[in-house]
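S.K.: I would like to see how this sequence folds:
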Amino acid sequence: MTEAEPPTAAQELRGAGLRVTAARVALLETVRAGDHLGVEAIASGVRQRVGHVSLQAVYEALHALTAAGLVRRIEPAGSPARFEGRVGDNHHHVVCRSCGAVADVDCAVGEAPCLTASEDHGFSIDEAEVIYWGLCPDCATSRSSSAP
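M.R.: Numbering: from 1, shown residues only. Below is the predicted model of the structure:
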């Protein structure tokens, strides 16, 4: 028995009810190949794949793909939005205070929302978004080596 092939970007777009365009396919592939990319980096990746595309078109496509659940938008405090292809698993992030590097952190206790709020105020909570802050290994090393 053979393993089923993962769906192509075009198939995922169709499955989400979105129009399939070369720019949207390139955008989805760029986000999935990247590591918590900002809009400028995504636009650059799309342009490398399909040629000219406006920044406005990139923003519009990111909005549509985020709304469809194909990409995830994260906004660490004080940073521009970043996008990733890892969706649907309620994972968290760790962000470097110095260089802004972002890495994924799995939920500590399993399934979503993986945290229990001390007070839910009547909400039906289905997701928790946590950002851990600190220094990445490179910044911690450079900071400790430059300390007097």
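S.K.: CA only for contacts and neighbour counts going forward, please
M.R.: Will do.
S.K.: so what's the nearest residue to A22 once chain neighbours are set aside up against?
M.R.: Among residues not flanking A22 along the chain, V50 sits closest, at 6.9 Å (Cα to Cα, 6 or more residues apart in numbering). Contacts for V50 (Cα atoms under 8 Å, 6 or more residues apart in numbering) come out as A22, A23, A26.
S.K.: let's see 10 Å
M.R.: A22, A23, V25, A26, L27 (Cα atoms under 10 Å, 6 or more residues apart in numbering).
S.K.: PyMOL command for the buried members of these?
M.R.: What follows is the PyMOL syntax selecting those of the contacts of V50 that are buried according to 16 or more other Cα atoms under 10 Å:
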select buried, resi 23+25+26+27
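S.K.: For my notes, please list the contacts of V50 in a markdown table and give distance to H91 for each entry.
M.R.: Shown next, in a markdown table, are these (distance: Cα to Cα, whole Å):
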| residue | distance to H91 |
| --- | --- |
| A22 | 29 |
| A23 | 28 |
| V25 | 24 |
| A26 | 25 |
| L27 | 22 |
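S.K.: Quick check: of the contacts of V50, which lies closest to I74?
M.R.: Proximity of the contacts of V50 to I74 was ranked by Cα to Cα; the top entry is L27 with 16.6 Å.
S.K.: For that closest one, give me its contacts.
M.R.: By Cα under 10 Å, 6+ apart, the neighbours of L27 are 9, 21, 33, 42-47, 49-50, 58, 61-62, 65, 71.
S.K.: rerun at 8 Å
M.R.: I42, A43, G45, V46, V58, A61, L62.
S.K.: Point me to the residue sitting closest to the centre of the chain.
M.R.: Nearest to the geometric centre of the chain sits E84, at 2.1 Å (Cα atoms, centre = their mean).
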